[in-house]
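> can you look at this prediction? I've put the sequence above it.
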Amino acid sequence: MDSNVIIQKEGSIALLTINRPDQLNALNVKTINDLSIAFKELEADKEVKVIILTGAGDRAFVAGADIKEFYQFSVEEGKKLSKDGHEKLFNLVENLNTFVIAAVNGFALGGGLELAMSCHIRVASHNAKMGLPEVGLGVIPGYGGTQRLAQLVGKGRAIELIATAEMINSETAKDWGLVNHVTTQAELIDRCREIARRISQNSSVAIAGAVRAIIAGFQSGVNGFEMEIEEFGKCFGTQDFKEGTSAFVEKRKPNFPGA
Ligand code: COA
């Protein structure tokens, strides 16, 4: 069956494009499944150090979960949709061992913003519009938005953005810390490639450990400092650590094996 995602490998960088432009890349169950498979495949590919996630076309990153698919769901079906989404895609992306950059090239609404927020960092184009408009449909964000938005922009701004169902532009998103950089639409992917190249020169194993420790600090029942101690210790058993420290002593650039 045809996939709703396109993978383009460029050495250590992979461009992953959500490809349903006529539906503004809305996340139906098939697209969530296709993305889940693609992320797992790319994580298993040791050549790939950074994934850039974007939406096809020039209008949307993702305009949300597919409303037409779920509008007649029951309470149980709604709960299952949310739980499956968390497990299959949103938590998978946040916890992926390969670094993920969201290239937000247009509307990132509802599940679209939630997907961008599951990525490790976000870069937006000038035309991007972001929001969690679910309460305007009588539902709440169900793919981690209530948690990750508050983590990124603070409780007060998150509550207001969710309660008003309004969209913010990329400059406001940058001001709030929701996106790290803003660029033209034409330059968006190149800007992400540039950041990806810098990241891919470092130890991917160490980056994944640092990200795990950072994420742990936002989880209840997990101590981020304890996680940092664990992850720090684990580095001493990696080939990347041997290579990084040897390269320093030998006054040369490291060439990390990523193991
Ligand atoms: N779910 C399902 N289909 C969606 C969608 C979504 N979240 N967002 C857009 N689409 C579809 C539209 O139904 C339309 O399909 P059609 O041509 O078969 O009717 C197509 O994408 C184009 O969207 P359209 O609404 O015609 O474009 P627009 O420029 O007038 O408006 C938006 C753009 C983003 C403002 C509008 O599509 C919108 O409000 N989408 C829903 C956003 C939302 O509430 N997301 C959270 C969902 S939980």
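Received, thanks. Residues are numbered from 1 along each chain as shown.
> can you classify Asp22 as helix, strand or coil?
When classified by DSSP: H, G, I helix; E, B strand; the rest coil, Asp22 comes out as helix.
> point out where the stretch 1-150 of the chain drops to low pLDDT.
For the stretch 1-150 of the chain, the stretches flagged by pLDDT under 70 are 1.
> now do the helices in it.
All helices of the stretch 1-150 of the chain, identified by DSSP state H, counting those that start in this stretch, fall at 29-44, 67-70, 75-85, 91-94, 111-118, 145-153.
> now those helices as a markdown table including mean neighbour count?
Where C-beta positions appear, they are placed from N, C-alpha and C, glycine not excepted. Listed next are the helices of the stretch 1-150 of the chain as a markdown table, based on neighbours: other C-beta atoms under 10 Å:
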| stretch | mean neighbour count |
| --- | --- |
| helix 29-44 | 18 |
| helix 67-70 | 14 |
| helix 75-85 | 13 |
| helix 91-94 | 19 |
| helix 111-118 | 29 |
| helix 145-153 | 19 |
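> between those, which one is nearest to Arg198?
helix 29-44 (19.0 Å; C-beta to C-beta).
> got the angle for the closest one vs helix 75-85?
Angle of helix 29-44 versus helix 75-85, following axes from the mean of the first three to the mean of the last three C-alpha atoms, to 10 degrees, is 20 degrees.
> so which elements touch helix 29-44?
Helices and strands touching helix 29-44, by 3 or more C-beta pairs under 8 Å, 6 or more residues apart in numbering; DSSP states H and E, are strand 5-10, strand 13-18, helix 75-85, helix 91-94.
> spell out whether it and the ligand are in contact.
No: Helix 29-44 does not reach the ligand (C-beta under 6 Å from any ligand atom); its nearest approach is 10.7 Å.
> can you pull out the strands in this structure?
In the chain, the strands defined using DSSP state E lie at 5-10, 13-18, 50-55, 60-62, 99-104, 107-109, 121-125, 129-131, 168-169, 181-183.
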